[in-house]
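Asks: Following is a predicted model, sequence given first.
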Amino acid sequence: MTITIALPSKGRMKDDASAIFERAGMPITAVGNDRSYRGRVEGWDDVEVAFLSASEISRELGNGTVDFGVTGEDLMREGFSEVDKRVEFCARLGFGHADVVVAVPEIWLDVETMADLGDVAADFRARHSRRLAIATKYWRLTQQFFSSQHGIQLYRIVESLGATEGAPASGSADIIVDITSTGSTLRANHLKVLQDGVILHSQACLVRARKESHADEPTVQAIIEAVRAAL
Ligand SMILES: Nc1ncnc2c1ncn2[C@@H]1O[C@H](COP(=O)(O)OP(=O)(O)OP(=O)(O)O)[C@@H](O)[C@H]1O
Ligand SMILES: O=P(O)(O)OC[C@H]1O[C@H](OP(=O)(O)OP(=O)(O)O)[C@H](O)[C@@H]1O
């Protein structure tokens, strides 16, 4: 059986992902030229590599069309409900760190916690004749965090596909849920993270699609052990 590992073909995780496999004794080479979307691992003839974007990798893992992948935990948890039933997070790889956070305008001086935000959301319709609007591309994580974890039901999600931090200033939303790493984009947009507003500490992970066929496949365990030993 051939085991497919999906690795980032571009973007911020590309170089760190191939470096981990190099250290794990699994050097990756592109098949054909450098722009090829297929690769192989020297000395591992039953392994093939598919180069995809981080978001495509999370989708392929969730659908079980690849066996392993390197992608962000945020993308996996946003993409699929009950994700731990579909995939196993085998290792946290120590790069691609980013937090998914709830951030509100700095000038909301009375709002420091999710409980404060819940009070604002409850009053919002009476004061403004509409629900509190949250700009995000993280629909699922936002709903789980607001509704299930904090019991906040009165809000509306405004889908944002880019420049989410600009939404409060432009008036398209009141607050945001987005990823932050250095915090500079939030600061530049005069937004602050709530004290208990970190939804997820994300980083790049080695993820395995749960498949029955993996149980009798020594290469599957060998890949996990090799990567863990390289950390
Ligand atoms: N500063 C950051 N901004 C956005 N994502 C970050 C940041 N730091 C780490 N990440 C992580 O990087 C991953 C996204 O990587 P990248 O933007 O390269 O992939 P992508 O979404 O597939 O790319 P594209 O949008 O070009 O298709 C996510 O898991 C995210 O958590
Ligand atoms: O906390 P910081 O270090 O400021 O990083 C956070 C910002 O970086 C990302 O955007 P990026 O410009 O990388 O674009 P992307 O979302 O399209 O990847 C992310 O969407 C945030 O806007």
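Replies: Here it is on my side, so go on. Residues are numbered from 1 along each chain as shown. Ligands and ions are numbered 1, 2, ... in the order given.
Asks: Run a quick check on Val66 versus Thr2, I expect a contact.
Replies: No. Counting by Cβ atoms under 8 Å, Val66 stays clear of Thr2, with 10.8 Å between them. Glycine gets a C-beta too; all of them are placed from N, C-alpha and C.
Asks: Who has more neighbours out of the two?
Replies: Val66 (23 against 9; other Cβ atoms under 10 Å).
Asks: quick one, what contacts the more buried one?
Replies: Val66 makes contacts with 4-6, 50, 57, 60, 209, as judged by Cβ atoms under 8 Å, 6 or more residues apart in numbering.
Asks: Dihedrals phi and psi, Thr113?
Replies: phi -130, psi 170 (degrees, to the nearest 10).
Asks: any idea of the pLDDT on it?
Replies: In this model, Thr113 is scored at 98, pLDDT.
Asks: Please produce CSV containing the contacts of Val66, extended by pLDDT, neighbour count and secondary structure.
Replies: Below are the contacts of Val66 laid out as CSV (pLDDT from 0 to 100; neighbours: other Cβ atoms under 10 Å; DSSP: H, G, I helix; E, B strand; the rest coil):
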residue, pLDDT, neighbour count, secondary structure
Thr4, 98, 16, strand
Ile5, 98, 25, strand
Ala6, 98, 27, strand
Ala50, 96, 18, strand
Ile57, 98, 28, helix
Glu60, 98, 19, helix
Ala209, 98, 20, strand
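Asks: of all the residues you listed, which comes closest to ligand 2?
Replies: Ile57 (14.8 Å; Cβ to the nearest ligand atom).
Asks: Might one say that the closest one is in contact with Val70?
Replies: Yes. With contact defined as Cβ under 8 Å, Ile57 counts as touching Val70 (6.8 Å).
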